[in-house]
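*Asks:* Here is my input, please return the structure:
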Amino acid sequence: MNNPKVVLEQIVDSDGENKSEKVIGINPLTISRYAYLELIDSPFLSTSKKFNMENIIASAYIMVQPTAVLKKYKSNNIDDLINDALDWADANLEFDDISKLIEAIINQITKLNKVAPTSDNDTDVSDENGKKK
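*Replies:* Sure thing, here's the model as predicted:
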């Protein structure tokens, strides 16, 4: 862990302090936000998912809303999140904002990837007889 401050900013569920991203309202990618992005199958997390306006807007909505707003969404009402995201976009976004939002979301995911644990070597686990488990 080279930079514990970055790790803490990504793990602690806060509304962020990154001034450049706060201009367009992006919050740090926290564990709960990541879970919501997974729940909607965000294209920012999956290379197999195609980018379209609906999933970009839903991803952006997750990244700009306070945690308190997101808590009302569960796996059984994810359609409400998507509908609320589209309503939010209609009321708050200009078309030019989309590219800024995409860039800011990618920046947050990149930050998280920098602090995510990785394995430096590919060690195998063997039992007492030397067989791989």
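
*Asks:* what's the weakest-modelled helix or strand in this structure?
*Replies:* helix 19-22 (a mean of 40; mean pLDDT, DSSP states H and E).

*Asks:* after it, next one along is what?
*Replies:* Downstream of helix 19-22, the next assigned helix or strand under DSSP states H and E is helix 31-39.

*Asks:* Could I get the buried residue list for the helix or strand following that following helix?
*Replies:* Heading C-terminal from helix 31-39, the first helix or strand you meet, by DSSP H and E, is helix 53-64. By neighbour count on 16 or more other Cβ atoms under 10 Å, the buried set for helix 53-64 is 55-64. For every residue, glycine as well, the C-beta is placed using N, CA and C.

*Asks:* Stretch 37-44 now?
*Replies:* Within stretch 37-44, the residues scored as buried using 16+ other Cβ under 10 Å are 37, 40, 42-44.

*Asks:* Could you do stretch 96-113 as well?
*Replies:* The neighbour-count check on stretch 96-113 (16+ other Cβ under 10 Å) flags 100-102, 104-105, 108-109, 111-112 as buried.

*Asks:* Which residue in those residues has the weakest pLDDT?
*Replies:* Within the buried residues of stretch 96-113, Leu112 has the lowest pLDDT, namely 77.

*Asks:* Fine, thanks again, bye for now.
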